[in-house]
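When you get a sec, could you give me coordinates for this:
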Amino acid sequence: MEKIVILGSTGSIGRQSLDIIKEKGGFEILALACRKPKEVLKNQISFFKPSYVSLEEKSEELEKLFPEVCFFYGEEGIKTLSSLKEADTVLNALVGSSGLVPTLNAIKNHKKVLLANKETLVIGGEIVKEYLKEYNGTLYPIDSEHSALWEMIDEYGKENIEKMTITASGGALRDYEKKNLENVKVKEVLSHPNWSMGEKITVDSATMVNKGFEIIEAHYLFDMSYTKLSAVIQRDSLCHAFVTLKDKSVKYNISSPSMKGPITRALYYPKIQYEKEKMDKKDLVFEEIEEEKYPSFNFIIETAKKNPLLLTVLNAANEMAVSLFLDEKIKYTDIFKINYEMVMRFSSPDVISLENIIKYDKIVKDYVKKYYS
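As a prediction, this is how the structure comes out:
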């Protein structure tokens, strides 16, 4: 039985992963990590009985409730859990740039990594690629679009694929006119039409930042040139990706908008496959991503082409800008303005390295906090 560490156990992906493991078995829950001691974490500890738990700050309450558990705290706690000697698998469902170092630690310590933290590849794709090669690592994506591409690579062979296209729902504001975007409220942005996700990724879905990031993820996951990667809007979220083969035929990956399939595939690959609900593609409609409404999409890809370290600048700016928007301190349209201004300000960064990623992540976040809060 594989021993698994789940980083971000109380978030949407973490909870669903534990539900799937509870149903299908095959894993011992060795460790859980989350930011705060929520009630859901107490229930997870009671049911799964992990040996280790990590939190952002010390919790005397949990230590008293679960004296048999070894507790860790802060960044060192996450670092420890991601490299536990007895662990076989690390599922990384953390939010933001904090997910990179645990991913690298897990790879370095020969753990299989199941990745639901997109920032790992957005800001550290070059380094992750080096680590996977150096340590002969294994990394599987937990994301509906990348899971769909992975499935089609298995079916058709990467050597036969000419182009990969992922889809976007368009987010909660897809029917808003550009002139009305400036004054939208947080509640409107968080009302996603298809998915139930965390606040940060729901905002990123509305701005299409997440789709730009997913193109970058696909670039690193499947070693595909940016010229062979694209995205379109498919409002129903029934088609998650499609590929154009070298013989010019197009193959679609269709399933209901649920994360059960991608999570199951990553957890149990290649043994257990999630049974998809059969659907007909005849009613699928695809739309172009409008530059005026979604300026972030192309901006992210062009930024990635210039210098991978600029993605750390952009991601740090976006994390802070989204947080400020959720706190109602800036307008929705200010998110792109801040991201653009930070990339322009730091347009000549150093070479890509873990040290520089950590350095620029802090510099940019401190700058945005000081001048935009």
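
My understanding was that residue 314 contacts residue 341; is that so?
No. Taking CB atoms under 8 Å as the definition, residue 314 is not a contact partner of residue 341, at 10.8 Å. C-betas here are computed from N, CA, C, even on glycine.

Where do the helices of the stretch 151-300 of the chain begin and end?
Using DSSP state H, counting those that start in this stretch, the helices assigned to the stretch 151-300 of the chain run over residues 186-189, 199-207, 209-221, 260-268, 295-306.

Tell me which of the ones you listed is the most buried.
Highest mean neighbour count among those (mean count of other CB atoms under 10 Å): helix 209-221, with a mean of 25.

Which one of the helices of the stretch 151-300 of the chain lies nearest to residue 174?
Counting by CB to CB, residue 174 lies closest to helix 199-207 out of these; the figure is 8.2 Å.

Mean pLDDT for the helices of the stretch 151-300 of the chain - can I get that in TSV?
Converted to TSV, the helices of the stretch 151-300 of the chain look like this (pLDDT from 0 to 100):
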stretch	mean pLDDT
helix 186-189	95
helix 199-207	94
helix 209-221	97
helix 260-268	95
helix 295-306	96
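
among those helices, which is nearest residue 140?
helix 260-268 (4.3 Å).

Tell me which other helices or strands that closest one touches.
Helices and strands touching helix 260-268, by 3 or more CB pairs under 8 Å, 6 or more residues apart in numbering; DSSP states H and E, are helix 12-24, strand 138-141, helix 144-156.

Reformat those as JSON lines; add mean pLDDT, mean neighbour count and distance to residue 247.
Formatted as JSON lines, the helices and strands packed on helix 260-268 follow (pLDDT from 0 to 100; neighbours: other CB atoms under 10 Å; distance: least, CB to CB, whole Å):
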{"stretch": "helix 12-24", "mean pLDDT": "96", "mean neighbour count": "19", "distance to residue 247": "36"}
{"stretch": "strand 138-141", "mean pLDDT": "98", "mean neighbour count": "20", "distance to residue 247": "26"}
{"stretch": "helix 144-156", "mean pLDDT": "96", "mean neighbour count": "21", "distance to residue 247": "10"}
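
quick one: which of these is nearest residue 112?
Ranking these by their distance to residue 112 (criterion: CB to CB) puts strand 138-141 first, at 4.6 Å.

That closest one pairs with which strands?
Using DSSP bridges, the strands paired with strand 138-141 are strand 112-115 (parallel).

Run through who's touching the following helix or strand past the strand it pairs with.
Reading on from strand 112-115 to the C-terminus, the next helix or strand found by DSSP states H and E is helix 119-134. Contact with helix 119-134 is made by 92, 96-97, 99-100, 103-104, 107-108, 115, 137-139, 213, 216-217, 219-221, 308, 311-312, 315, 352-354, 357, 361, as judged by CB atoms under 8 Å, 6 or more residues apart in numbering.
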